[in-house]
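Colleague: Structure for this input, please:
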Amino acid sequence: MTHAKEILLVTGLSGAGKSTVLKTLEDLGWETVDNLPLRLLDRLLSTPLSESTESDSPLAVGIGARTRDFDPDSIVKRIKKLRAEHGYDIGTLYLDCSGAELERRYAETRRRHPLALDRPASDGIARERELLAPLRRWANRLIDTTDLSSNELAQQVRATFGGDGLGEPTLSVMSFGFARGVPRNADLVFDMRFLRNPHWVEKLRPGTGLDKDVADYVAGDPTYDAAMKQIEDLLLLLLPRYRAEGKAYVTIAFGCTGGRHRSVHVAERVAKRLRDAGFSPTVTHRDLGAAPQDSLEGAPRTGLG
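Modeller: Numbers count the residues shown, from 1 in each chain. The predicted structure is shown next:
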């Protein structure tokens with residue numbers, strides 16, 4: 001028997017957003033299956049989870065008019081049976097949408113309605129709405145997508161099913177050297193070259209931003225405290241917004257000239273601040289192993305060391 005803590009049947013009108021819902025649930029950590037022949041549903045639910053699968057991962061199964069053996073009345077009976085015999089926590093999400101909006105979507109994508117391949121889309125929509133009526137009555141969750149964009153629908157799904165910490169973006173904090181190029185995958189880039197450079201202090205040059213004496217030197221810059229507070233406050237403001245928008249990956253990059261001193265220290269400090277705030281960033285120092293080179297660092301500015 002499956003150990004899924006929740007099983008969700010995702011159904012509704014073709015073009016109402018089933019693919020968007022399943023993709024969003026998958027991003028939230030759900031197992032998802034689409035258009036599974038109904039005769040295989042019992043077999044799926046009775047198949048033991050593999051060792052590589054989280055034992056409490058919820059399961060979402062997409063069903064619709066294109067599903068083989070599709071029979072709404074039979075589906076309702078099967079749900080009742082599974083609940084009674086196996087105690088499954090099975091919910092049904094029905095996606096509804098106005099006929100006019102569905103016609104617009106089909107016209108925009110130039111796709112044919114699956115129930116009206118040789119007739120106007122309106123005929124297929126009407127036929128499907130009647131066919132799905134038993135599932136609409138049975139569903140314990142309903143989302144009307146008439147006025148929702150794909151992004152707005154995904155946000156609503158995340159708000160409804162994204163509890164227990166699921167759906168957090170994969171957060172990365174990295175340091176790099178501008179002399180060796182800006183990371184292509186960075187979402188936010190902070191230039192830390194305004195801080196004084198340990199490279200031009202002979203005893204600090206061989207070290208890195210991971211060393212206390214180097215970190216203390218960087219933190220002693222007159223602008224350090226104010227700048228770091230504003231950067232950290234900005235990140236704590238933005239990261240929840242990225243989550244709400246469904247961004248799967250967020251990479252925050254801190255750069256200095258060589259990527260060994262200032263950016264390394266700042267990346268470590270910011271990662272700690274984010275952990276303290278409840279985030280789980282990974283930290284990468286791209287150029288930490290690069291040898292210090294005066295030609296890359298450039299000449300020091302007077303008075304900054």
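Colleague: Does residue 32 touch residue 60 like I think?
Modeller: Yes: at 4.7 Å, residue 32 counts as touching residue 60 under the criterion of C-beta atoms under 8 Å. Glycine gets a C-beta too; all of them are placed from N, C-alpha and C.
Colleague: so what sits against both of these two?
Modeller: 22, 25-26 (C-beta atoms under 8 Å, 6 or more residues apart in numbering).
Colleague: just those residues now: which is nearest residue 100?
Modeller: Nearest to residue 100, judged by C-beta to C-beta, of those is residue 22 at 24.8 Å.
Colleague: can you pull the contacts of the spatially closest residue to the closest one that is not a sequence neighbour?
Modeller: Nearest residue to residue 22 in three dimensions, chain neighbours excluded: residue 32, at 4.7 Å (C-beta to C-beta, 6 or more residues apart in numbering). Applying C-beta under 8 Å, 6+ apart, we find residue 32 in contact with 22-23, 25-26, 59-62.
Colleague: Please save the CA atoms from the host helix or strand of residue 32 in CSV.
Modeller: Using DSSP states H and E, residue 32 maps to strand 31-34. Taking Å, rounded to 0.1, in the frame of the first residue of the first chain, the C-alpha atoms of strand 31-34 are listed here in CSV:
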residue,chain,number,x,y,z
GLU,A,31,4.7,13.0,-7.1
THR,A,32,2.5,13.6,-10.2
VAL,A,33,1.0,11.4,-12.8
ASP,A,34,-1.1,12.6,-15.7
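Colleague: buried stuff in that strand?
Modeller: Across strand 31-34, burial judged by 16 or more other C-beta atoms under 10 Å covers 31-32, 34.
Colleague: now these as CSV including pLDDT?
Modeller: Below are these laid out as CSV (pLDDT from 0 to 100):
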residue, pLDDT
31, 90
32, 92
34, 89
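Colleague: Of these, which is the nearest to residue 83?
Modeller: residue 31 (19.3 Å).
Colleague: Just list whatever residues bridge to the closest one.
Modeller: Going by DSSP bridges, residue 31 is paired in beta bridges with residue 59.
Colleague: for the chain, what's the longest helix?
Modeller: The longest helix of the chain (DSSP state H) is helix 224-244.
Colleague: got the contact list for residue 245?
Modeller: Counting by C-beta under 8 Å, 6+ apart, residue 245 touches 151, 155.
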